[in-house]
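A.B. asks: I need the structure of the sequence given here:
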Amino acid sequence: MAAAVLPDVRIPRPEGSRGDAIDPDGWGHRQRLVLVVDDSRAQRRVLAASLARWGYRVIEAASGESALRICAEQPVEIVLSDWMMPGMDGLELCRRFRAMAREGYGYFVLLTSRKSTDEIAEGFAVGADDFLGKPVNLNELRARLRAGERILRMEEELQARNQALRAALSRVQAMNAVLERDLGEARALQQALVRDRSLEFGAFEVNLLLQPSGYVGGDMVGVIDPGGDSVGVYAVDVSGHGIASALMTARLVSYLSGEIPGHNIALAGRRGGALRLRPPEEVAGALNTILIEETASDHYCTLLFATLHVPSGHMRLVQAGHPHPMLMRAGGEVVPLGEGGLPLGLFAEVCHEAVELSLGPGDRLLICSDGITECGDASGALLGEEGLATMMQAQRHLHGARFLEALLWQLELKAGRNEFDDDVSAVLVERPIPA
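C.D. replies: Predicted coordinates for the structure are as follows:
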């Protein structure tokens with residue numbers, strides 16, 4: 001049946017109406033499209049005329065089948081349908097109306113003389129929103145439509161908010177994509193600071209491990225080779241996590257990079273034509289001064305800096321708040337070294353005492369961050385120095401990078417995951433037994 005949009009038809013006003021005002025309640029609602037479905041043309045005309053007078057746009061349908069066709073073509077917002085009709089009744093129409101793909105919600109009112117609770121329950125079950133008894137009381141109809149419009153407005157507001165949320169989410173996702181890309185590049189740059197992770201110096205091997213807990217972290221390890229008979233190794237751990245810590249770490253490590261004394265604070269001038277390393281306690285003091293005087297930051301850091309005299313195997317190290325380095329002798333005994341010391345960047349006048357040792361054939365020294373010693377299991381129990389010593393002894397048959405990889409694997413088993421709450425870093429200095 002062709003849709004018919006009716007003009008304003010003057011009929012006796014229902015009780016309580018306010019003249020010819022289209023919006024008597026002052027809601028300012030737009031003209032909603034109402035579909036009136038009834039096999040009685042007279043009933044449709046009465047309802048349609050009243051609806052038009054109240055400011056609605058009205059379409060009529062004489063059957064459920066034609067009503068479905070109209071709903072597929074027109075953005076019907078409210079349906080007033082008779083329950084009892086030849087062919088498709090109002091109940092089936094409601095069921096199919098609810099099954100249609102629609103942009104917004106449609107308010108469905110069944111017009112019926114039925115009053116049994118079972119029949120009303122059946123109507124609600126197929127998706128009816130309300131019921132109106134026949135013959136239709138226009139005052140009651142108007143009140144039901146107002147209630148329906150409140151629901152439609154709430155649904156429209158919800159849709160608008162959802163659309164705004166989706167748009168905001170889309171913007172956030174785009175920003176996150178850019179941020180993840182930038183953080184991925186930052187991670188690659190930070191990892192590139194540790195270019196060579198396996199190095200050989202005479203009879204010694206030095207291997208490095210660096211695994212941030214996020215994209216970037218506050219840990220850094222490295223080797224300083226001035227080209228003489230001594231090399232330096234260091235491990236830095238800046239307080240906190242993430243980008244701020246990583247930036248501070250990069251700044252501190254810049255003072256331990258390069259081959260120019262003054263720029264690299266670990267280097268002292270040339271002796272006999274070769275650069276030489278400053279004593280570890282002087283390096284720690286210089287870094288502490290930089291943190292106190294030149295960085296406007298609340299960050300502090302722990303440091304372990306050591307020098308290795310390659311021909312003799314003699315080492316000298318300073319521990320500034322960093323976990324105790326673990327010395328494993330050739331026979332398997334593991335001994336923690338150092339006195340702890342204060343972190344850098346807390347106090348201006350700090351004295352760090354050096355510790356000396358010698359590495360013989362088969363000995364190794366593990367310098368690690370607290371991301372290893374404070375790695376916890378599911379119950380919260382931390383690994384600690386004893387647990388680390390046990391891990392080292394269990395992997396004593398491995399050397400170099402394989403030894404560090406095995407330690408990392410054991411840490412993952414303890415934590416129950418392959419991601420850690422803190423950055424994990426280590427320096428392994430060992431003197432293999434000659435073949």
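
A.B. asks: can you pull the domain assignment for the chain?
C.D. replies: Segmentation of the chain into domains, based on automatic domain parsing, reads 33-163, 196-430.

A.B. asks: where does pLDDT dip in the stretch 251-400 of the chain?
C.D. replies: Counting by pLDDT under 70, the ranges of the stretch 251-400 of the chain that qualify are 259-262, 270-273, 295-296.

A.B. asks: what's the helix or strand for residue 367?
C.D. replies: strand 364-368 (DSSP states H and E).

A.B. asks: pull the distance from that strand to the chain's centre.
C.D. replies: Relative to the chain's own centre, strand 364-368 is displaced by 34 Å; criterion: C-alpha atoms, centre = their mean, to the nearest Å.

A.B. asks: same question for stretch 411-422.
C.D. replies: How far stretch 411-422 lies from its chain's middle: 19 Å, per C-alpha atoms, centre = their mean.

A.B. asks: what helix or strand is the residue positioned nearest the centre of the chain located in?
C.D. replies: For the chain, the residue nearest the mean C-alpha position is residue 176 (8.9 Å; C-alpha atoms, centre = their mean). Per DSSP H and E, residue 176 falls inside helix 138-192.

A.B. asks: ok, what's across the strand from residue 34?
C.D. replies: Judged by DSSP bridges, the bridge partners of residue 34 are residue 58, residue 78.

A.B. asks: now it: how far from residue 154?
C.D. replies: 18 Å (C-beta to C-beta, to the nearest Å). In this view, the C-beta of every residue, glycine as well, is placed from N, C-alpha and C.

A.B. asks: which stretches of the stretch 301-435 of the chain form helices?
C.D. replies: 370-373, 384-394, 400-415 (DSSP state H, counting those that start in this stretch).

A.B. asks: thinking again about what came up before, could I get the domains of the chain in TSV, plus columns for mean neighbour count?
C.D. replies: Shown next, in TSV, are the domains of the chain (neighbours: other C-beta atoms under 10 Å):
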stretch	mean neighbour count
domain 33-163	17
domain 196-430	18
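
A.B. asks: dump the ones you listed to a markdown table, plus distance to residue 172.
C.D. replies: Listed next are the domains of the chain as a markdown table, based on distance: least, C-beta to C-beta, whole Å:
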| stretch | distance to residue 172 |
| --- | --- |
| domain 33-163 | 15 |
| domain 196-430 | 18 |
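
A.B. asks: re the thing from before, average pLDDT for the helix holding residue 176?
C.D. replies: The average pLDDT for helix 138-192 rounds to 88.

A.B. asks: the strand holding residue 367 to helix 384-394, inter-axis angle?
C.D. replies: Calculated by axes from the mean of the first three to the mean of the last three C-alpha atoms, to 10 degrees, strand 364-368 forms an angle of 140 degrees with helix 384-394.

A.B. asks: strands paired with strand 364-368, and their directions?
C.D. replies: strand 326-328 (antiparallel), strand 424-430 (antiparallel).

A.B. asks: hmm, who's touching it?
C.D. replies: Outside strand 364-368, the residues that touch it by C-beta atoms under 8 Å, 6 or more residues apart in numbering are 221, 233, 235, 304, 306, 315, 322-323, 325-328, 337, 357, 359, 388, 392, 399, 403, 425-431.

A.B. asks: again, only using 6 Å
C.D. replies: 235, 304, 323, 325-328, 426-430 (C-beta atoms under 6 Å, 6 or more residues apart in numbering).

A.B. asks: and if you look at stretch 221-234?
C.D. replies: 199, 201, 206, 208, 210, 235, 266-267, 274-275, 277, 305-311, 425, 427.

A.B. asks: how far away from the center of its chain is that stretch?
C.D. replies: From the chain centre to the centre of stretch 221-234 is a distance of 39 Å (C-alpha atoms, centre = their mean).

A.B. asks: what does stretch 193-208 contact?
C.D. replies: With C-beta under 6 Å, 6+ apart, stretch 193-208 has contacts from 210, 221, 223, 231, 310, 400-401, 404, 427-431.

A.B. asks: again, only this time at 7 Å
C.D. replies: Residues outside stretch 193-208 that contact it (C-beta atoms under 7 Å, 6 or more residues apart in numbering) are 210, 220-223, 231, 233, 253, 308, 310-311, 400-401, 404, 427-432.

A.B. asks: now that stretch - C-alpha only, CSV.
C.D. replies: Provided in CSV are the C-alpha atoms of stretch 193-208 (Å, rounded to 0.1, in the frame of the first residue of the first chain):
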residue,chain,number,x,y,z
LEU,A,193,73.5,2.1,22.6
VAL,A,194,74.7,-1.4,23.4
ARG,A,195,76.2,-2.2,20.0
ASP,A,196,78.5,-5.1,20.9
ARG,A,197,77.1,-7.4,23.5
SER,A,198,79.9,-10.0,23.4
LEU,A,199,83.5,-8.7,23.5
GLU,A,200,86.9,-10.3,24.0
PHE,A,201,89.9,-8.6,25.7
GLY,A,202,92.9,-10.9,25.8
ALA,A,203,92.0,-13.9,28.0
PHE,A,204,88.7,-12.3,29.1
GLU,A,205,85.2,-12.2,27.7
VAL,A,206,82.6,-9.5,28.5
ASN,A,207,78.9,-10.1,27.8
LEU,A,208,76.1,-7.7,28.2
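
A.B. asks: for the nearest residue to residue 112 once chain neighbours are set aside, what are its contacts?
C.D. replies: In space, and not counting its chain neighbours, residue 112 is closest to residue 83: 3.8 Å by C-beta to C-beta, 6 or more residues apart in numbering. If you count contacts by C-beta under 7 Å, 6+ apart, residue 83 has them with 89-91, 110-112, 114.

A.B. asks: just those residues: which are in helices?
C.D. replies: Residues of these located in helices (DSSP state H): 90-91.

A.B. asks: redo the contacts of residue 83 as TSV? Include distance to residue 149 and pLDDT.
C.D. replies: Shown next, in TSV, are those (distance: C-beta to C-beta, whole Å; pLDDT from 0 to 100):
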residue	distance to residue 149	pLDDT
89	26	94
90	21	93
91	24	94
110	18	94
111	18	93
112	22	89
114	25	77
